[in-house]
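Colleague: sequence isn't available, so here's the structure alone:
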């Protein structure tokens, strides 16, 4: 199964509640925090909501 590394690159200050809750659901919280998650449609949809706050990379293994 493919995995992706999601890194938060911007702060969630001055963002709406939906974006703050999505960042928390992705397991992030502060800039430069990252989490390795499965690559599935649910995670991709969450990333689409906060795409301006995160960086996404594919991970091998």
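Modeller: Right, received. Where do you want to start? Just so we're clear, the structure is a prediction, and the values are computed from it rather than from any experiment.
Colleague: hang on, residue 61 packs against residue 1?
Modeller: No - judged on C-beta atoms under 8 Å, residue 61 makes no contact with residue 1 at a distance of 10.1 Å. In this view, the C-beta of every residue, glycine as well, is placed from N, C-alpha and C.
Colleague: which strand residues bridge the residue lying closest to residue 55 once chain neighbours are set aside?
Modeller: In this structure, residue 55 finds its nearest non-sequential neighbour in residue 7, 4.7 Å apart by C-beta to C-beta, 6 or more residues apart in numbering. Taking DSSP bridges as the rule, residue 7 bridges to residue 34, residue 55.
Colleague: okay, now residue 7: neighbour count?
Modeller: Neighbour count of residue 7, defined by other C-beta atoms under 10 Å: 15.
Colleague: quick check: the gap between it and residue 53.
Modeller: 10 Å (C-beta to C-beta, to the nearest Å).
Colleague: same thing with residue 12?
Modeller: Taking C-beta to C-beta, one finds residue 12 at 7 Å from residue 53.
Colleague: okay, those two: which has more neighbours?
Modeller: Between residue 12 and residue 53, counted using other C-beta under 10 Å, the more crowded position is residue 53 (22 against 19).
Colleague: just to check, that one is in contact with residue 15?
Modeller: Yes - the pair residue 53 and residue 15 passes the contact test of C-beta under 8 Å, sitting 7.2 Å apart.
Colleague: what sits in contact with each of the two?
Modeller: Applying C-beta atoms under 8 Å, 6 or more residues apart in numbering, one finds that no residue jointly contacts residue 53 and residue 15.
Colleague: strands along this protein, start to end?
Modeller: 3-8, 34-38, 54-59 (DSSP state E).
Colleague: surely residue 27 touches residue 35?
Modeller: Yes - the criterion here is C-beta under 8 Å, and residue 27 meets it with residue 35 at 3.9 Å.
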